[in-house]
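Enquirer: here is my input, please return the structure:
(chains A and B)
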Amino acid sequence: MSLFKLTLKELQEKFTRGEISATEIARAFLLRLNQVESKIKAYVTLRDKDALLVQAKSIDQSLQGWRKTQPLMAMPLAIKDNICTKGLRTTCSSRILEDFEPPYDATVMARLNLHQPLILGKTNLDEFAMGSSTEHSAFGPSRNPWNPKFIPGGSSGGSAAAVAADECVAALGSDTGGSIRQPAACCGVVGFKPTYGRVSRYGLVAFASSLDQIGPITKTVTDAAILLNFIAGHDPLDSTSSRKETPDFTKSLKKKDVKRLVIGIPREYFADGLDPEVSETVQDAIQTLKELGGSIQEVSLPFTQQAIATYYLIATAEASSNLARFDGVRYGMRAKETKSLAEMYRLSRSQGFGPEVKRRIMLGTYALSAGYYDAYYAKAQAVRTLIQRDFASVFETVDLLVSPVMPTPAFLLGARLEDPLQMYLSDVYTIPSSLAGIPAISVPCGFSTMGLPIGLQIMGRPFDEPTVLRAAHAYEQATTWHTRRPVIRS
Amino acid sequence: MTYETVIGVEVHAQLQTRTKLFCGCSTSFGQSPNSQVCPTCLGLPGSLPVLNQAAVELAIRAGLALHCELTGSNQFSRKNYFYPDLPKGYQISQYDLPICGMGWLDITVNGRDKRVRIRRAHLEEDAGKNLHDDQLDGSGVDLNRAGTPLLEIVTEPDLHSSDEVDAYLKALREVLVYLGVCDGNMEQGSFRCEPNVSIRPVGQSYLGTKVELKNINSFRYAKEAIEFEVRRQQEVLDEGGTLRQETRLWDVQRGQTAVMRSKEEAHDYRYFPDPDLLPVQLDEEWIKELSSKLPELPGEKFQRFLDEYGLPEYDAKILTESKELAEYFEACVQLYPQSKIVSNWVMGELLRELNQQGIRASASPVSPERLVELLQLVETGTVSLKVARELFPELYLSGKNPEDLVKEKGLLQLSDEGQLEALIETVLASHPSQVEQYRNGKETVLGYIVGQVMKASGGKANPGKVNTLLKNKLSA
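Expert: Next up is the predicted model:
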């Protein structure tokens, strides 16, 4: 069995039992990258091959003779390129950071690195995480491993494609309005956005500070729980990180049913605009959950309709401020031969940022500007509270909510580039849970007739990752979607 | 047309914390460029701010001393604009929920008491420094100062003259120094003042167009700048012109204010609550605790000096004007409990030397111990008061121990009766008419003869003893 086909748990077990060495793992994945990366284009930066082998060798030498359980040791991981990795280029898929090498590690990296994983490289994304298809990357889009003419989803398209194509055993992505869940659904893998505050944002290049979260993209729910254990937990360097105790998330995987859980189906997520194939596939999944013991109930989240507008005001406002630091003064691209400070700012940012980023900066600046702040930004924050209350209210009677992840399966590359608003609409089911800060996971639940994956979204109460993981795991184990792999043709 | 002046003052006081407002970098002054920086104060991608509790404590201390409302909940906001010394492209400040609300400070101006209302005081981070050096090809940005905590204290437009502003600034500065909140060093930029000046016809109550003045780094410049600006505004209005709301820089060389930027071109800062920082809830218990631990304020010290040391108001006022001078005084009195004598020397001889050099009492080359030694020499009659006073400047400059200096200069008071008798004999012999006058009943001439003896002794004779011996001799 090729090593690259294994899940994180399986690879861990083989390595811990001494059946394989770190060097063998490294070689297997380097070979795999060689075979498929040119077709998938999941990575922006690959770590130097020799350095990787040297690291693997030193791991093997340190373990000579005996094996202690080393949960992440030698595990080949891919990291979304908006997470700072010390000494390894971090571009956010933008020209303005094309040559930026962070002098420090994000907290999630520091926590992972304690256990000596093999970081294979940095994956592609929509520039500064702004997008739903990875087409807004300054370095070109990644491809959907199931069909390279289609988008892998976004903004964490590179990470999702890398996992689906077995180019790593697991990956980290980031989610602001759906950027982990939606590409996971497009690529037929698992993507988990934890509760806001569960995972430190220190070192995650900020897009929308009150929405951003780092999360795992993996082949199975078990793998997601394993990875989450390493990255979750309070960080004194992040004032918004929660002090809530972090449970062992793998303990939620003991049960394989959802008995005594009440599962809500929000009617607003099954209305106009939902592709019939997706609807049918998700309904089948809901049926499976029913068979697994869940009691199904229709619920209503009335403010769902306002969510996209709310999101695109708040997120862009925060982004317009967060991206002001990219000015060519201290790091990143600086336009050449400018004759004044104003010109330097203007040209560095005009040349360095892509069109989608510029669009959002302008939107956000407008929403905060004098005379418009109250009507837009302040109002959006008020509506956000109403959306949060919608969820709080239904969670009084249900334990989980289930819905589609995206209104359609993955679409063709280029299909929505002409119309930004059409692109924004593909986030309609993931945005509300981001605004409310609640945990949400995407698990594969079927395929379209064109052979493209469809995802099932499961949402839970704030900090109730355990119940979300339990239901996701139960569903996954009762089906075989997670065992399917794309065939990648040359 | 006569006008009255209306001024509100903004002061930015650098808080005396060890580290910056949102990261653990040191705040120490004068280090090599960009040596006290980290991802957070550099504004590197992915960095985040974490609030420094010590800064909050100092802000609360200041708020308590200024009688400000401390409302419990306060929030940080982002002030967005582009400038090379502003690493994130925004400054973390406080907009609609400042840490300190309305308060006041009582001041005395030309003998009159006045209450200046404080509108608010809020925390914000300082920017870095732009350096325009001919040696650099372009400009340099030093971010050591970026992120240093500032407390911005804003008054209502309650001040009506440069004298009032001067009194307010000095009183505010002293309170902040007393509290250990700020070191008050205007030249180094840790106490910056920006007066907002406007004028209006006497008797009117509306506010005229206000002009903000910057680049004022001494009390003297504050006065000069305000006086110039008021004259300028009066001239403009008298000639029928209109004033523009603008920011003007004080130009020291030319002694005038000049336009920096007009408010019409002013930035829209697009303030919004900073999503990286949670609102700060001030715990009532904590505020009570801080209140009970407040260091003694100038007003309290003044009263205590009156009560404890029995000093006249004039003395107490001068001695408590500076915390360091007060501490110097008290250190002396601990060793030599003659408070009035110590007060005279500290206000007189010591303060004269300190002011001439322009240094603070804590930097005095004459320590309290040394001063007390000198006072003790006077008390024991080893040296006369007159001589001690004349000797003080040299004591101050030489840093020597008083006893050694006195011996070195041969200024020991002459108290030996034998030597005094000899001197007296000489003087009496050369002033027969005065002796005659005294013997005939003109007692006042004794003073003259004593003076002559003092002169003959080079000022060293113990005047008391001379007086006694002379009287004995003349009555014999």
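Enquirer: can you pull the pLDDT of B:A476?
Expert: Note on B:A476: pLDDT of 67.
Enquirer: can you check A:I263 too?
Expert: Confidence score, pLDDT, at A:I263: 98.
Enquirer: that one against A:D399, yeah?
Expert: Yes: look at A:I263 against A:D399 with CB atoms under 8 Å: they come within range, at 7.1 Å. In short, each C-beta sits where N, CA and C put it, glycine included.
Enquirer: what are the bridge partners for A:N147, then?
Expert: Taking DSSP bridges as the rule, A:N147 bridges to A:N144.
Enquirer: need phi/psi at B:L311.
Expert: Here is the backbone geometry of B:L311 (degrees, to the nearest 10): phi -90, psi 150.
Enquirer: for it, give its distance to B:K317.
Expert: Applying CB to CB, to the nearest Å, the value for B:L311 to B:K317 is 9 Å.
Enquirer: and if you look at B:G24?
Expert: Taking CB to CB as the criterion, B:G24 is separated from B:K317 by 42 Å.
Enquirer: ok, the two, which is more surrounded?
Expert: B:K317 (16 against 13; other CB atoms under 10 Å in any protein chain shown).
Enquirer: report the contact partners of residue 383.
Expert: Went with chain A since none was named. The neighbourhood of A:V383, defined by CB atoms under 8 Å, 6 or more residues apart in numbering or on different chains, consists of A:303, A:306, A:309-310.
Enquirer: other chain: chain B
Expert: B:V383 touches B:374, B:377, B:391, B:406, B:411-413, counting by CB under 8 Å, 6+ apart.
Enquirer: quick one: name the residues of the stretch 201-350 of chain A near chain B.
Expert: Near chain B, the residues belonging to the stretch 201-350 of chain A are A:201-206, A:208-210, A:236-240, A:317-318, A:320-321, A:323-327, A:329-331, A:341, A:345 when assessed by CB under 8 Å from any CB of the partner chain.
Enquirer: ok, 10 Å please
Expert: Neighbours of chain B within the stretch 201-350 of chain A, by CB under 10 Å from any CB of the partner chain: A:201-206, A:208-212, A:235-241, A:314, A:317-318, A:320-332, A:341-342, A:344-346, A:349.
Enquirer: now the buried members of those residues.
Expert: Listed as buried from these are A:201-206, A:208-212, A:235, A:237-241, A:314, A:317-318, A:320-332, A:344-345, A:349; burial here means 16 or more other CB atoms under 10 Å in any protein chain shown.
Enquirer: leaving out chain neighbours, which residue sits closest to A:Q116?
Expert: A:M73 (4.9 Å; CB to CB, 6 or more residues apart in numbering or on different chains).
Enquirer: quick check: the one you found touching A:S21?
Expert: No: judged on CB atoms under 10 Å, A:M73 makes no contact with A:S21 at a distance of 11.1 Å.
Enquirer: looking at chain A, which residue is nearest chain B?
Expert: A:A324 (2.5 Å; CB to the nearest CB).
Enquirer: so what's that residue closest to, chain neighbours aside?
Expert: B:G89 is the one closest to A:A324 (CB to CB, 6+ apart), at 2.5 Å.
Enquirer: that older thread, assumed the residue of chain A closest to chain B was part of a strand.
Expert: No: counting by DSSP: H, G, I helix; E, B strand; the rest coil, A:A324 is not found in a strand; it is helix.
Enquirer: just checking, what packs against the longest helix seen in chain B?
Expert: When chain B is parsed with DSSP state H, its longest helix is helix B:219-238. If contacts are counted by 3 or more CB pairs under 10 Å, 6 or more residues apart in numbering or on different chains; DSSP states H and E, helix B:219-238 sits against strand B:3-14, helix B:162-178, strand B:191-201, strand B:211-214, strand B:246-251, strand B:256-262.
Enquirer: what mean pLDDT does the fourth one have?
Expert: What strand B:211-214 shows for mean pLDDT is 93.
Enquirer: next: the longest one.
Expert: Helix B:162-178 shows a mean pLDDT of 94 in the predicted model.
Enquirer: got the domain boundaries for the chain?
Expert: In the absence of a named chain, this looks at chain A. A:3-302+A:389-483, A:305-382 (automatic domain parsing).
Enquirer: nope, chain B
Expert: B:3-287, B:296-408, B:417-475.
Enquirer: OK, contacts around the nearest residue to B:T27 once chain neighbours are set aside?
Expert: Closest residue to B:T27 apart from its sequence neighbours, by CB to CB, 6+ apart: B:T148 at 5.1 Å. Residues near B:T148 by CB atoms under 10 Å, 6 or more residues apart in numbering or on different chains: B:14-15, B:17, B:19-21, B:25-27, B:29, B:36, B:41, B:55, B:124-128, B:189-190.
Enquirer: could you look up the SS state of A:L52?
Expert: helix.
Enquirer: that one is in contact with A:S58, isn't it?
Expert: No: look at A:L52 against A:S58 with CB under 10 Å: they stay out of range, at 11.0 Å.
Enquirer: and the two? which has more neighbours close in?
Expert: Legend: neighbour count by other CB under 10 Å for A:L52 and A:S58, higher for A:L52 (22 against 13).
Enquirer: how about the more buried one, what does it touch?
Expert: A:22-23, A:26-27, A:29-30, A:46, A:76, A:118-121 are the contacts of A:L52 under CB under 10 Å, 6+ apart.
Enquirer: distance to chain B, neighbour count and secondary structure added to those, as JSON lines?
Expert: Output for these, formatted as JSON lines (distance: CB to the nearest CB, whole Å; neighbours: other CB atoms under 10 Å in any protein chain shown; DSSP: H, G, I helix; E, B strand; the rest coil):
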{"residue": "A:A22", "distance to chain B": "29", "neighbour count": "26", "secondary structure": "helix"}
{"residue": "A:T23", "distance to chain B": "32", "neighbour count": "19", "secondary structure": "helix"}
{"residue": "A:A26", "distance to chain B": "28", "neighbour count": "24", "secondary structure": "helix"}
{"residue": "A:R27", "distance to chain B": "32", "neighbour count": "16", "secondary structure": "helix"}
{"residue": "A:F29", "distance to chain B": "27", "neighbour count": "22", "secondary structure": "helix"}
{"residue": "A:L30", "distance to chain B": "28", "neighbour count": "19", "secondary structure": "helix"}
{"residue": "A:L46", "distance to chain B": "21", "neighbour count": "16", "secondary structure": "strand"}
{"residue": "A:P76", "distance to chain B": "23", "neighbour count": "30", "secondary structure": "strand"}
{"residue": "A:L118", "distance to chain B": "23", "neighbour count": "23", "secondary structure": "strand"}
{"residue": "A:I119", "distance to chain B": "17", "neighbour count": "21", "secondary structure": "strand"}
{"residue": "A:L120", "distance to chain B": "21", "neighbour count": "27", "secondary structure": "strand"}
{"residue": "A:G121", "distance to chain B": "18", "neighbour count": "26", "secondary structure": "strand"}
